[in-house]
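Undergrad: sequence and computational prediction follow.
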Amino acid sequence: MNAKVFILLGLVAVVAADKLASFESGEAKYDFNWAVKHDDSDNDFGHQEARNEDDTQGSYYVQLPDGRLQTVRYVVDGDNGYVAEVNYDGEARYPDSNESK
């Protein structure tokens, strides 16, 4: 009898936790962005994201050491998960080995 009660209580807890998790993920709504641009060190990067219930979209970018700007745009959906599109602007530049001497 005790085993049946424990199994029943465990099942109820699992169902309740699943419903709570579904409710919490469906109610999310936010929008943020931030950026850093420091010309002296050539640091240039940032991120923005917006979510309304299950619809999440965003992008982030970073100035790469080779001079290109890498931008990632993404969406998140329940069926496909995280789907990203990566782009590079500019042309990679590498200093000549004699320039560093």
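TA: All right, it came through fine. The structure displayed is predicted, hence computed values, not measured ones.

Undergrad: check contacts around Tyr30.
TA: Applying C-beta atoms under 8 Å, 6 or more residues apart in numbering to Tyr30 gives the contacts 49-51. Using the backbone N, CA and C atoms, a C-beta is placed for each residue, glycine as well.

Undergrad: distance-wise, check it relative to Asn43.
TA: Per C-beta to C-beta, to the nearest Å, Tyr30 is found 26 Å from Asn43.

Undergrad: report the buried members of the contacts of Tyr30.
TA: Buried members of the contacts of Tyr30, scored by 16 or more other C-beta atoms under 10 Å, are Arg51.

Undergrad: can you give me the helices for the protein?
TA: Along the chain, the segments classed as helices by DSSP state H run 2-26.

Undergrad: give me the number of residues near Val86?
TA: 9 (other C-beta atoms under 10 Å).

Undergrad: so it bridges to which residues?
TA: Beta-bridge partners of Val86, counted by DSSP bridges, are Val72.

Undergrad: so who does it touch?
TA: By C-beta under 8 Å, 6+ apart, the neighbours of Val86 are 70-72.

Undergrad: for Lys29, name its beta-bridge partners.
TA: Here Lys29, judged by DSSP bridges, has bridge partners Asn52.

Undergrad: measure it to Ala50 for me?
TA: Distance of Lys29 to Ala50, given as C-beta to C-beta: 9 Å.

Undergrad: coming back round to it: between the contacts of Tyr30, which sits nearest Asp77?
TA: Arg51 (11.5 Å; C-beta to C-beta).

Undergrad: make sure the closest one is actually in contact with Lys29.
TA: Yes - using C-beta atoms under 8 Å, Arg51 is in contact with Lys29, at 6.4 Å.

Undergrad: what score does His27 have for pLDDT?
TA: Residue 27: Glu, not His. Per-residue pLDDT puts Glu27 at 78.
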